[in-house]
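In: sequence? don't have it. structure:
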């Protein structure tokens, strides 16, 4: 996990429990763990994030994405620990092509998004001082390859490429998420904060093109291959609805003195990180 890597680099003592040590589908066990761990800062970066998996098992999605985060928040209220909870842009109303601020309307359109929004509400009620950081299109974690890594891997194998061109958001690197939530500027921040790259919203296809350009510049591709433009509504393996326009504005984050790279810089750095990791 990139967060653990950053903590280790900073010389911080930390606990990163495994599923066996802290089952997020068991809120009582989660509460007991947080109450007994002695941490001054608790970060919840875990979730059931597959939309299709959440639809297939809504109870587990509700427990992991909503009830257990609330249990962590309540435990932190008792211990005095700072609590940081990661949420998602998918809770937002995705009907209008605008960049959403923290006060934007929420309109979850899937079981996943509903469970994450419920998690936000329950965490805020249990511990108003908690930081609820909404993130989007996480990339740059070679240990958990995502869309960008998949595109570059397929291109290197000579496979045909396609990416959605009519869904828009903001990529965010895992390294930036770790850096920001540990930054001193956010030590006392309370409530929802949008944590994403700066600049204009992008599509998955645009991200794919930037990633391939970076791979070609690094010499792992002889040229940038074509990327077919897909329509969101015609992707056959998306069985659950995805909101179309969930790009967030990081203006408030920037106003706090935290710097963020642009979407293009985020994508190119993620590819360089992937290639460096082999």
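Out: In hand now; what should we look at? Note that the structure is a prediction, hence the values are computed from the model and not measured. Numbering: from 1, shown residues only.

In: now for residue 60: which residues touch it?
Out: 25, 48 (CB atoms under 8 Å, 6 or more residues apart in numbering). The C-beta positions use only the backbone N, C-alpha and C, and glycine is treated the same way.

In: residue contacts, residue 186?
Out: Contacts for residue 186 (CB under 8 Å, 6+ apart) come out as 131, 180, 193, 256, 258.

In: same deal with residue 209?
Out: Contacts for residue 209 (CB under 8 Å, 6+ apart) come out as 224, 227.

In: quick check: it vs residue 255, distance?
Out: Distance of residue 209 to residue 255, computed by CB to CB, to the nearest Å: 31 Å.

In: on that earlier part again, which of the contacts of residue 186 are buried, as a ChimeraX select command?
Out: Burial among these is assessed by 16 or more other CB atoms under 10 Å; the matching ChimeraX selection reads:
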select :131,180,193,258
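
In: strands - which of the contacts of residue 186 land there?
Out: 131, 193 (DSSP state E).

In: and the contacts of residue 186, which is closest to residue 266?
Out: residue 180 (12.5 Å; CB to CB).

In: and the helices in the protein, which stretches?
Out: For the chain, applying DSSP state H gives helices covering 2-9, 27-37, 51-56, 58-62, 68-79, 111-126, 147-156, 174-181, 204-217, 251-255, 263-277.

In: from the contact counts, what lies against the first one?
Out: Looking back up the chat, that one is helix 2-9. The contact analysis (3 or more CB pairs under 8 Å, 6 or more residues apart in numbering; DSSP states H and E) places helix 2-9 against helix 174-181.

In: show me what the helix it packs on is in contact with.
Out: Contacts for helix 174-181 (CB under 8 Å, 6+ apart): 2-3, 5-7, 43, 45, 84, 86, 131, 133, 135, 138-141, 186, 195, 197, 253, 258, 260-261, 266, 269, 273.

In: without its sequence neighbours, what residue ends up closest to residue 142?
Out: residue 277 (3.8 Å; CB to CB, 6 or more residues apart in numbering).

In: how about residue 267, nearest residue that isn't a chain neighbour?
Out: residue 210 (4.4 Å).

In: and the one you found, what does it touch?
Out: Taking CB under 8 Å, 6+ apart as the criterion, residue 210 is in contact with 264, 267, 268, 271.

In: looking at these, which is nearest residue 74?
Out: Distance to residue 74 across these (CB to CB) is lowest for residue 267, with 37.9 Å.

In: mind pulling up the pLDDT for residue 119?
Out: pLDDT, the model's per-residue confidence, is 98 for residue 119.

In: ok, residue 47 next?
Out: Confidence at residue 47, expressed as pLDDT, is 95.

In: my guess is it meets residue 135, correct?
Out: No. Using CB atoms under 8 Å, residue 47 is not in contact with residue 135, being 10.5 Å away.

In: residue at max distance from the center of this structure?
Out: residue 222 (31.7 Å; CA atoms, centre = their mean).

In: quick check: chain neighbours aside, which residue is closest to that one?
Out: residue 216 (7.3 Å).

In: and the one you found, what does it touch?
Out: Taking CB under 8 Å, 6+ apart, one finds 222, 223, 224 in contact with residue 216.

In: ok, the first one to residue 123 distance?
Out: Okay, so that is residue 222. 49 Å.
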